[in-house]
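K.L.:
Have a look at this prediction, sequence included:
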Amino acid sequence: MNRPVTIPFSNFIIIDRKSPQSVYLQIVIQIINAIQRGFLFPGTKIPGTRILSKILKVNRNTMIRVYDELEAMGWIEILPNKGTFIVNKPEKKIEKIQTLYKNYSYSYPSKTGFTFKQSQILDNPFEIFSTSICLNDGIPDIRLLNTLQLSQLYSSSLKRKKNQKNLEYPLHKSKDFFKEKLSNFLNLTRGLHISPKNLISTRSMEMSIYITSQLLISPGDKVIVGKLSYFIPNMIFQKSGAHLYTVPVDMEGIDTLEIKKLCEKTKIRMLYITSHHHYPTTVTLSAQRRLELLELSQKYGFIILEDDYDYDFHYGNSQVLPLASSDSKGMVVYIGSFGRSLTSGFRTGFVVAPENLILEIQKFLGILDRQGDIFMEYALGELIEEGEIHRHLKKTSATYKERRDYLAVLLQNHLAEYVNFRLPSGGLAIWTEWESSINLLRLRENCKKKGVFIPKSLLYQTQDISAIRMGFGSFNVEELEEIVRSIKMSLMLE
């Protein structure tokens with residue numbers, strides 16, 4: 001508990017000498033306000049009138065009157081030879097102070113006294129839920145992590161003298177270890193041919209998209225996205241002033257013929273694509289369309305912003321490499337996140353691009369996030385160097401494949417009359433298409449009553465489509481059964 005002399009009274013008691021309200025009454029109201037807001041706790045000893053009058057630079061007689069008023073109202077108690085204390089439950093003359101508050105208060109303002117830019121584009125689409133289970137769009141299960149190992153790795157990174165010594169070097173030197181290990185990892189797993197000069201790490205995939213958008217998009221630029229696409233990048237592009245053009249996505253990925261038609265009509269600045277597992281439909285861009293897309297990019301001069309969404313999670317024997325692995329003209333900017341299967345504190349975003357663009361991105365990071373978390377990056381670098389990330393991905397991918405297959409069995413056995421789907425080759429979600437007669441919003445409300453929350457961001461229902469993106473990665477067998485059971489029971493209420 002604070003001693004009386006350490007309580008910062010001058011911070012929350014502000015006297016306005018020009019106010020028509022008397023000084024003593026201003027102090028009374030603000031002390032009561034401080035008690036009600038928890039700045040002064042019940043039982044706290046406060047200074048005597050002589051000391052507080054000096055702190056607030058008022059006449060001592062004014063403070064005597066303040067204390068008399070507070071004691072009469074029941075807010076403080078003055079004990080002879082002990083001091084003055086805040087009372088736990090004041091009972092006296094509450095009506096009087098409530099009347100005073102109508103005319104005078106120093107509570108923190110609810111709104112600014114100035115105007116500022118407000119964005120409707122960036123309104124948070126995520127919802128709060130209170131049910132035991134919340135369906136998601138496909139996130140990893142942190143219960144599969146060896147959290148003790150991760151914490152020990154981070155702790156050892158803090159303690160090692162060689163790491164502490166490296167922190168004395170310029171910032172870019174401190175990051176070289178992680179960039180070297182990450183570039184090696186991406187070369188091995190993505191078929192890239194990069195060096196640390198072609199790579200920069202960020203806090204998240206979203207930060208990577210934001211920074212690249214700030215650099216590459218000007219107001220009025222035209223950006224192509226899938227007709228169903230990831231809403232967060234779309235929000236960022238629109239905030240940068242881009243005009244979005246949507247192109248259909250089928251079982252082979254985004255329609256390159258439609259892209260060509262657009263390019264023949266207007267100047268396209270950028271195309272955003274999740275080529276490995278398209279969001280939200282999970283389809284993989286075919287090899288033929290990958291070649292066509294690279295050719296179109298070179299011919300018409302548009303940037304390909306390739307997001308490696310869910311690249312680490314694949315369940316077949318062959319893995320399709322990203323567009324960036326075949327880019328010889330510097331038209332692809334490759335973004336993603338490393339450690340998506342780890343806890344949020346151990347994930348990092350990255351951007352892969354030619355060196356001149358990486359240098360420009362570094363300028364932005366120098367303002368937004370100059371220091372970063374160097375110790376975390378050392379820990380991640382050691383995770384790569386020791387082969388732990390490869391072992392972890394192999395183990396968890398096997399588990400996620402089992403969960404994908406089990407959810408598919410549940411859907412087929414219990415909901416076949418309502419839903420169609422294709423088993424995705426990777427990722428952590430299944431794209432399910434439902435009978436158009438089913439009202440998905442009403443289904444969501446019925447499921448909520450059954451203890452399963454389905455966010456609106458997972459629902460896709462228009463005149464042309466009725467679908468739900470169902471994540472399975474974060475749910476065990478029992479939880480998947482409960483989700484499907486809840487949906488089935490809710491459909492019976494339709």
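P.N.:
Structure received. Numbering: from 1, shown residues only.
K.L.:
In the stretch 1-150 of the chain, where is pLDDT below threshold?
P.N.:
Applying pLDDT under 70 to the stretch 1-150 of the chain flags residues 1-6, 88-108, 123-125.
K.L.:
quick one: the strands in it?
P.N.:
Assigned by DSSP state E, counting those that start in this stretch, the strands in the stretch 1-150 of the chain fall at 45-46, 76-79, 83-86, 133-134.
K.L.:
So which of the ones you listed is nearest Val28?
P.N.:
With CB to CB, the closest approach to Val28 among the strands of the stretch 1-150 of the chain belongs to strand 76-79: 10.5 Å. Bear in mind the C-beta positions are built from the backbone N, C-alpha and C, glycine included.
K.L.:
starting at the chain centroid, how far to that closest one?
P.N.:
Relative to its chain's centre, strand 76-79 lies at 49 Å (CA atoms, centre = their mean, to the nearest Å).
K.L.:
do stretch 140-158 as well
P.N.:
From the chain centre to the centre of stretch 140-158 is a distance of 20 Å (CA atoms, centre = their mean).
K.L.:
likewise stretch 345-356?
P.N.:
Offset of stretch 345-356 from its chain centre (CA atoms, centre = their mean): 17 Å.
K.L.:
now do stretch 474-488
P.N.:
Put simply, stretch 474-488 sits 25 Å off its chain's centre (CA atoms, centre = their mean).
K.L.:
Equivalent analysis for stretch 473-489, please.
P.N.:
In terms of CA atoms, centre = their mean, the gap separating the centre of stretch 473-489 from the centre of its chain is 25 Å.
K.L.:
mind checking how far Gln36 is from Gly220?
P.N.:
52 Å (CB to CB, to the nearest Å).
K.L.:
Name the residue in these two with the higher neighbour count.
P.N.:
The neighbour count for Gln36 versus Gly220, taken as other CB atoms under 10 Å, is higher for Gln36 (13 against 9).
K.L.:
want to try JSON lines for the strands of the stretch 1-150 of the chain, with mean neighbour count and distance to Pro424 as columns?
P.N.:
Listed next are the strands of the stretch 1-150 of the chain as JSON lines, based on neighbours: other CB atoms under 10 Å; distance: least, CB to CB, whole Å:
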{"stretch": "strand 45-46", "mean neighbour count": "18", "distance to Pro424": "65"}
{"stretch": "strand 76-79", "mean neighbour count": "16", "distance to Pro424": "67"}
{"stretch": "strand 83-86", "mean neighbour count": "17", "distance to Pro424": "62"}
{"stretch": "strand 133-134", "mean neighbour count": "18", "distance to Pro424": "21"}
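K.L.:
can I get these in TSV with distance to Ser156?
P.N.:
Output for the strands of the stretch 1-150 of the chain, formatted as TSV (distance: least, CB to CB, whole Å):
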stretch	distance to Ser156
strand 45-46	46
strand 76-79	53
strand 83-86	47
strand 133-134	35
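K.L.:
Go through those and name the closest to Asp16.
P.N.:
Once the strands of the stretch 1-150 of the chain are compared by CB to CB, strand 45-46 is nearest, at 22.0 Å.
K.L.:
which neighbours does that closest one have in its sheet, and in what orientation?
P.N.:
Here strand 45-46 has these sheet partners by DSSP bridges: strand 83-86 (antiparallel).
K.L.:
quick one: the strand it pairs with to chain centroid distance?
P.N.:
Strand 83-86 has its C-alpha centroid displaced from the chain centroid by 46 Å (CA atoms, centre = their mean).
K.L.:
Next: stretch 25-36.
P.N.:
39 Å.
K.L.:
how about that stretch: buried residues?
P.N.:
Buried positions in stretch 25-36, judged by neighbour count with 16 or more other CB atoms under 10 Å: Leu25, Gln26, Ile27, Val28, Ile29, Gln30, Ile31, Ile32, Asn33, Ala34, Ile35.
K.L.:
Can you tell me how far the first one is from Lys18?
P.N.:
The reference is to Leu25. Taking CB to CB as the measure, Leu25 falls 15 Å from Lys18.
K.L.:
contacts for stretch 137-156?
P.N.:
Here stretch 137-156 makes contact (CB atoms under 8 Å, 6 or more residues apart in numbering) with 279-280, 310, 340-343, 346, 375-376, 379, 382-383, 388, 392, 395-396, 399, 427-429, 457-458, 469, 471-476.
K.L.:
Identify the residues contacting Ile217.
P.N.:
Neighbours of Ile217 in contact, by CB under 8 Å, 6+ apart: Val223, Phe237, Ser240, Gly241, Ala242, Arg269, Met270.
K.L.:
Touching, the second one and His243? I think so.
P.N.:
No. The pair Phe237 / His243 is not scored as a contact, 9.0 Å apart, by CB atoms under 8 Å.
K.L.:
Which one's more surrounded, the two?
P.N.:
Neighbour count, other CB under 10 Å: between Phe237 and His243, Phe237 has more, with 25 against 13.
K.L.:
Which element, helix or strand, includes the more buried one?
P.N.:
helix 231-239 (DSSP states H and E).
K.L.:
Buried residues, that helix. List them.
P.N.:
Buried-residue list, helix 231-239, by 16+ other CB under 10 Å: Ile232, Pro233, Asn234, Met235, Ile236, Phe237, Gln238.
K.L.:
what's the answer for stretch 408-424, then?
P.N.:
Quick answer for stretch 408-424 (16+ other CB under 10 Å): Ala408, Leu410, Leu411, His414, Leu415, Tyr418, Val419, Phe421, Pro424.
K.L.:
Need the CA coordinates for it. PDB is fine.
P.N.:
As requested, the backbone C-alpha atoms of stretch 408-424 are provided in PDB (Å, rounded to 0.1, in the frame of the first residue of the first chain):
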ATOM      1  CA  ALA A 408     -14.700 -36.100 -43.200                       C
ATOM      2  CA  VAL A 409     -16.100 -39.400 -41.900                       C
ATOM      3  CA  LEU A 410     -18.400 -37.600 -39.500                       C
ATOM      4  CA  LEU A 411     -19.700 -35.300 -42.200                       C
ATOM      5  CA  GLN A 412     -20.300 -38.200 -44.600                       C
ATOM      6  CA  ASN A 413     -22.000 -40.400 -41.900                       C
ATOM      7  CA  HIS A 414     -24.200 -37.700 -40.300                       C
ATOM      8  CA  LEU A 415     -24.600 -34.800 -42.700                       C
ATOM      9  CA  ALA A 416     -24.300 -36.300 -46.200                       C
ATOM     10  CA  GLU A 417     -27.800 -35.200 -47.200                       C
ATOM     11  CA  TYR A 418     -27.000 -31.600 -46.400                       C
ATOM     12  CA  VAL A 419     -23.400 -31.000 -47.400                       C
ATOM     13  CA  ASN A 420     -20.800 -31.700 -50.100                       C
ATOM     14  CA  PHE A 421     -17.100 -31.300 -49.700                       C
ATOM     15  CA  ARG A 422     -13.700 -32.300 -51.200                       C
ATOM     16  CA  LEU A 423     -10.900 -33.600 -49.000                       C
ATOM     17  CA  PRO A 424      -8.200 -30.900 -49.000                       C
END
